[in-house]
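Undergrad: Sequence and predicted model, in that order:
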Amino acid sequence: MRFLYEKTQPELFSISPVPKTGQSTLVSRQNPLKKRAKAFSFVAWTYLYPVHVQSNPRHKPSPPVYHLLKPLLFALPPETAHKFSMRLLSPRLAGLWNRAINHDSRLQREVFGLNFPNPVGLAAGFDKEAAHLNTLAAMGFGFLEFGTVTPRPQAGNPRPRLFRLPKDKALINRMGFNNAGLEAFAKKLAARKTQNLNCIIGGNIGKNKTTPNEEALRDYALCFEKLFPHVDYFVVNVSSPNTPGLRALQQKKPLSKLLKGLQELNNTHIQPKPLLLKISPDLNRSQLDDVLQIAFDHQLSGLIATNTTISRENLGSTPQQKIKTIGAGGLSGAPLKQRSTEIIRYLHRESKGQLPIIGSGGILHPQDALEKLEAGASLIQIFTGLIYQGPALIAQINKALLKNK
Ligand SMILES: Cc1cc2nc3c(=O)[nH]c(=O)nc-3n(C[C@H](O)[C@H](O)[C@H](O)COP(=O)(O)O)c2cc1C
């Protein structure tokens with residue numbers, strides 16, 4: 001807590017000019033009692049407020065809690081802020097943002113044979129290790145997609161690898177599938193069985209960086225088999241720009257081989273599970289046509305459109321120098337919105353609405369979600385919007401959906 005105060009209110013702290021102990025010590029210019037009382041009331045409020053909300057059914061919509069915390073979080077490096085906030089959040093605290101509206105029966109929809117309590121999901125990459133299953137479920141999402149998981153643990157790219165572009169409401173990341181590996185992932189998901197969560201769980205699977213593309217099927221198959229008892233649907237991720245060569249698996253021949261192999265495995269089970277493909281927004285029309293053909297050939301249950309882009313278009317408010325300094329990575333958030341919606345519209349039209357689409361890319365406001373659904377998406381996912389707008393976005397979208405009915 002003190003660390004946060006130091007970052008955001010440096011004027012409260014200074015290095016004592018003559019430290020008694022001979023070491024530099026941090027001392028406050030404020031009365032220490034006053035400072036402690038302030039810190040105590042902040043912590044007490046953060047923990048007691050949700051109890052108050054939950055025990056008071058007549059409580060009106062929560063105050064903009066996230067917008068109070070955001071300056072503190074944004075003062076930290078993005079990856080640290082993400083870890084810190086997820087550690088700070090308990091399921092009870094996360095429930096603070098979960099409004100009754102998320103559970104309104106009019107929001108329920110059946111897509112690829114699964115019953116979603118509402119159409120707002122968490123996109124992959126937010127929790128790559130399924131470490132915060134209960135907390136995220138408590139926020140009111142209709143579905144959570146965990147991963148991308150790879151068979152063996154891997155560290156990902158060197159830091160820094162996640163960057164905020166606040167003026168454009170965007171992120172650039174080159175995480176590189178950092179994750180604790182399949183064993184740990186499956187263990188976390190196995191715990192779910194005992195918990196009776198009211199949301200659908202997706203498993204987003206990938207391959208290790210060191211696995212050559214020719215052997216990719218083995219990695220995906222390992223993930224598929226291990227996770228089969230623990231997830232409701234699968235997503236094959238071949239569209240991340242941060243694993244060298246991965247996106248080449250989106251080409252016709254390797255993609256067909258991969259999906260054929262996975263569907264063969266799927267069909268060895270008495271009740272096969274929905275298998276989806278997540279695609280890049282950087283595919284051209286003819287590549288999108290190939291994807292559709294392959295999706296039908298291999299009886300995929302749906303597509304996720306889209307992953308992050310390697311394009312740097314629509315970054316009107318971020319200085320070019322900053323963009324250059326950041327370097328390689330996938331761009332998400334507002335600049336991606338239009339492209340991903342165009343792709344959804346195209347896929348929906350060309351498939352004659354026969355292939356369910358999960359819309360992902362640049363949903364920062366309820367209106368953005370409505371646009372994706374109007375373009376043909378059956379469900380939507382958020383990631384960057386959660387960073388910029390906070391978990392209240394889930395209920396805001398659901399509220400807009402009900403209003404639009
Ligand atoms: C930091 C970060 C990590 C991501 N990691 C993954 C991942 O591991 N697997 C994946 O399929 N998508 C990953 N994504 C892509 C998101 O799931 C999402 O499709 C994309 O960011 C577009 O949505 P948004 O604009 O709402 O963020 C990641 C995105 C970000 C920002």
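TA: Here it is on my side, so go on.
Undergrad: got a list of what the residue nearest to residue 348 when sequence neighbours are not counted touches?
TA: In this structure, residue 348 finds its nearest non-sequential neighbour in residue 376, 2.5 Å apart by CB to CB, 6 or more residues apart in numbering. Bear in mind the C-beta positions are built from the backbone N, C-alpha and C, glycine included. Going by CB atoms under 8 Å, 6 or more residues apart in numbering, residue 376 touches 344-345, 347-349, 353, 357.
Undergrad: Just the buried residues of those.
TA: 344-345, 347-348, 357 (16 or more other CB atoms under 10 Å).
Undergrad: which two in those are spaced the farthest apart?
TA: The largest separation in those, counting by CB to CB, is between 345 and 357 at 9.6 Å.
Undergrad: Save the buried ones among the contacts of residue 376 as CSV, and put in pLDDT, secondary structure and distance to the ligand too.
TA: Converted to CSV, these look like this (pLDDT from 0 to 100; DSSP: H, G, I helix; E, B strand; the rest coil; distance: CB to the nearest ligand atom, whole Å):
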residue, pLDDT, secondary structure, distance to the ligand
344, 98, helix, 12
345, 98, helix, 17
347, 98, helix, 15
348, 98, helix, 18
357, 98, strand, 13
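Undergrad: Just want the residue of the protein that's nearest the ligand.
TA: Residue nearest to the ligand within the chain: residue 125 (2.0 Å; CB to the nearest ligand atom).
Undergrad: Show me which residues of the stretch 151-300 of the chain are close to the ligand?
TA: Where proximity means CB under 6 Å from any ligand atom, the interface of the stretch 151-300 of the chain facing the ligand comprises 162, 171, 173, 175, 177, 204, 237, 240, 278.
Undergrad: Let's have those in TSV, adding pLDDT, neighbour count and secondary structure.
TA: Putting those into TSV (pLDDT from 0 to 100; neighbours: other CB atoms under 10 Å; DSSP: H, G, I helix; E, B strand; the rest coil) gives the following:
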residue	pLDDT	neighbour count	secondary structure
162	97	20	strand
171	98	22	strand
173	98	25	strand
175	97	20	coil
177	97	23	coil
204	98	25	strand
237	97	28	strand
240	93	23	coil
278	98	26	strand
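Undergrad: Let me have the residues you listed in JSON lines, extended by distance to residue 269.
TA: Listed next are those as JSON lines, based on distance: CB to CB, whole Å:
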{"residue": "162", "distance to residue 269": "37"}
{"residue": "171", "distance to residue 269": "37"}
{"residue": "173", "distance to residue 269": "34"}
{"residue": "175", "distance to residue 269": "31"}
{"residue": "177", "distance to residue 269": "26"}
{"residue": "204", "distance to residue 269": "19"}
{"residue": "237", "distance to residue 269": "21"}
{"residue": "240", "distance to residue 269": "27"}
{"residue": "278", "distance to residue 269": "22"}
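Undergrad: and the two most separated of the residues you listed?
TA: Pairwise distances across those (CB to CB) peak at 19.4 Å, for the pair 162 and 278.
Undergrad: how would you label residue 364: helix, strand or coil?
TA: coil (DSSP: H, G, I helix; E, B strand; the rest coil).
Undergrad: Quick check: closest non-adjacent residue to it.
TA: Of all residues not flanking residue 364 in the chain, residue 385 sits nearest, at 4.4 Å (CB to CB, 6+ apart).
Undergrad: Good, wrapping up.
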